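Participant: Task: produce atomic coordinates for the following.
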Amino acid sequence: MTPNFFPSPKFKNPWRAQALVEFMVALPVLIILVYGIIELSRLIFIVASVANASRQAARYGAGSGEPNLGVTYYQDCDGIRDMANRSAILTEFDDINITYDRGVTADGEQIPILEIDPSPDADTCPIEDNVIRNGDRIIVQVSASYEPILTLGNIEPLHVVSANARTFLISVPIFGSAFPTGFAAETATPSKVPTRTPLVNATSTEPPTPVPTFNLTFEAYRTLFPRTPTNTLPPTLTFTPSITPNPSKVPTRTSTAINCTGEQGVSHGPLEFDDNVMSMEIFNNTGHTLSTASVYVEWNHDTGGTPSLRLNRVILAEQAWTGDLFTPSTFIPAYYPAIPPGGSAIEFHFDQNYNFRDGTERIIITIGNPGCVNYPVDSSN
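Facilitator: Predicted coordinates for the structure are as follows:
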């Protein structure tokens, strides 16, 4: 009897059953891995959206100008939130908080603005114009929640938070090279101009008519066109002095060069505070009276009996300006005092005592004399 070496059709492919069992064992692991990749991708996407939203909103709030009539960028709360929501793709933000501060100290601590909570968890938008100044910051904090698609055990939803801060400017002092106001240019003295005086007996001659010479030789040309010499002499140049006024009767500026640097230049002392007066000593060692092109000042107006300081008076060498300015920085309008030789002081008088100094105080006096044009006497240097 011959043995049958061929398997029965019932067991035609025994490996298929084994592969099916292995696939059923690996399938849950594969599903969990794919689901984990999806959830991790969602979490990363939400984190990126929240970070981008806070950054773009803070950048919008730090813009210069007025996107709406009478409303600046840092006061446009709806516009700031709309800019943040543009980054909310496949997610919704829980909170968009907007607040402000004065920057941070060397230790990393926030410097608050009067009556404004600088915590990113606070929402203080919009802020009033009378409490802000150059160098303040806008802070935008955006938060969103992450929750898995499937509820797995006791996993709590994650709270994703991102905050960004940007510095915004209220006014920018510009020091150009424009000619200083009130400076008179030197009077030009006309110089001697040579004049051409013809001779009395000079005979005018017309220039000869040009004739093409082509192949004519010099001798043939002289034979055909003989020239008769005349007694015409070349004109001579004579200098006729013009009538000029007596130099002693014309006021002219001294030609002595003024140097505002070095030991014979202009220097200053530190800022000093006494009750309601902020002052600075000026030392003019040039030996000349100096003219000023502008006077610029910055101060902290968030102090005093009320939440503001107003500038009422400026005095330099008995030259006074009076007014009422309520701003953190300004050029004193229509004020161009002269700086006498030697020592003098410029004083800024406020309506209240200067009780709180925050390090932003600054005085810049720009000189307008030739040789010192646009030279700044800056208290910060």
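Participant: Identify the residues contacting stretch 308-317?
Facilitator: With Cβ atoms under 8 Å, 6 or more residues apart in numbering as the contact definition, stretch 308-317 has outside contacts at 130, 282, 295, 297, 299-303, 320-326, 330, 332, 335, 337-340, 344-352, 354. C-betas here are computed from N, CA, C, even on glycine.
Participant: Which members of the residues you listed occur in strands, if any?
Facilitator: Under the assignment DSSP state E, the contacts of stretch 308-317 contribute 282, 295, 297, 320-325, 330, 338-339, 344-350 to strands.
Participant: Stretch 138-156: end-to-end distance?
Facilitator: 32 Å (Cα to Cα, to the nearest Å).
Participant: Please parse the chain into its domains.
Facilitator: 37-167, 266-378 (automatic domain parsing).
Participant: Could you give the separation of the first one from the chain centroid?
Facilitator: I take that to be domain 37-167. 24 Å (Cα atoms, centre = their mean, to the nearest Å).
Participant: just for the protein, where's the confidence low?
Facilitator: Filtered on pLDDT under 70, the chain yields the residue ranges 1-15, 153, 171-257, 301-307.
Participant: residues near residue 101, how many?
Facilitator: For residue 101, the neighbour count with other Cβ atoms under 10 Å is 19.
Participant: quick one: it and residue 114 touch, right?
Facilitator: No: Residue 101 lies out of contact with residue 114 (Cβ atoms under 8 Å); the separation is 11.2 Å.
Participant: what's the residue nearest to residue 68 when sequence neighbours are not counted in contact with, if anything?
Facilitator: Of all residues not flanking residue 68 in the chain, residue 76 sits nearest, at 6.2 Å (Cβ to Cβ, 6 or more residues apart in numbering). For residue 76, the contact set (Cβ under 8 Å, 6+ apart) comprises 60, 61, 67, 68, 126.
Participant: tell me the contacts of the third one?
Facilitator: By Cβ under 8 Å, 6+ apart, the residues touching residue 67 are 73, 76, 79.
Participant: quick one: it from residue 80, how far?
Facilitator: To residue 80, residue 67 is 10 Å away according to Cβ to Cβ, to the nearest Å.
Participant: What about the nearest residue to residue 259 once chain neighbours are set aside, how many residues nearby?
Facilitator: Leaving aside its sequence neighbours, residue 259 sits nearest to residue 265 (Cβ to Cβ, 6+ apart; 5.8 Å). Applying other Cβ under 10 Å, we find 17 residues neighbouring residue 265.
Participant: Contact partners for residue 265?
Facilitator: For residue 265, the contacting residues are 259, 285, 286, by Cβ under 8 Å, 6+ apart.
Participant: doesn't residue 266 make contact with the second one?
Facilitator: Put plainly, it is residue 285. Yes: contact criterion Cβ under 8 Å: residue 285 and residue 266 qualify, at 7.0 Å.
Participant: more neighbours, these two?
Facilitator: Legend: neighbour count by other Cβ under 10 Å for residue 285 and residue 266, higher for residue 266 (22 against 16).
Participant: give the contact list for that one.
Facilitator: 260, 282, 283, 284, 285, 286, 290, 339, 367, 372, 375, 377.
Participant: Closest one of the residues you listed to residue 135?
Facilitator: residue 377 (21.9 Å; Cβ to Cβ).
Participant: Against residue 331, how distant is that closest one?
Facilitator: 15 Å.
Participant: next one: residue 131
Facilitator: Computed as Cβ to Cβ, the residue 131 to residue 331 distance reads 22 Å.
Participant: Please name every helix or strand in contact with the longest helix seen in the chain.
Facilitator: Counting by DSSP state H, the longest helix found in the chain is helix 15-61. On a contact count with 3 or more Cβ pairs under 8 Å, 6 or more residues apart in numbering; DSSP states H and E, helix 15-61 meets helix 77-85, strand 93-101, strand 137-146, strand 158-167.
Participant: In the last one, which residues are buried?
Facilitator: Read that as strand 158-167. For strand 158-167, burial by neighbour count (16 or more other Cβ atoms under 10 Å) applies to 160, 161, 162, 163, 164, 165, 166.
Participant: Next, give me the two most distant ones among those.
Facilitator: 160 and 166, at 20.8 Å, using Cβ to Cβ across the buried residues of strand 158-167.
Participant: sorry, back to before: could you dump the contacts of residue 266 into CSV with secondary structure and distance to residue 155 added?
Facilitator: Listed next are those as CSV, based on DSSP: H, G, I helix; E, B strand; the rest coil; distance: Cβ to Cβ, whole Å:
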residue, secondary structure, distance to residue 155
260, coil, 71
282, strand, 69
283, strand, 72
284, strand, 74
285, coil, 75
286, coil, 77
290, strand, 74
339, strand, 73
367, strand, 70
372, coil, 72
375, strand, 68
377, strand, 65
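Participant: Return the closest of those residues with respect to residue 36.
Facilitator: residue 377 (66.8 Å).
Participant: and the closest one, what are its bridge partners?
Facilitator: residue 365 (DSSP bridges).
Participant: got the contact list for it?
Facilitator: Here residue 377 is in contact with 266, 267, 268, 282, 363, 364, 365, 366, 367 (Cβ under 8 Å, 6+ apart).
Participant: No more questions from me, cheers.
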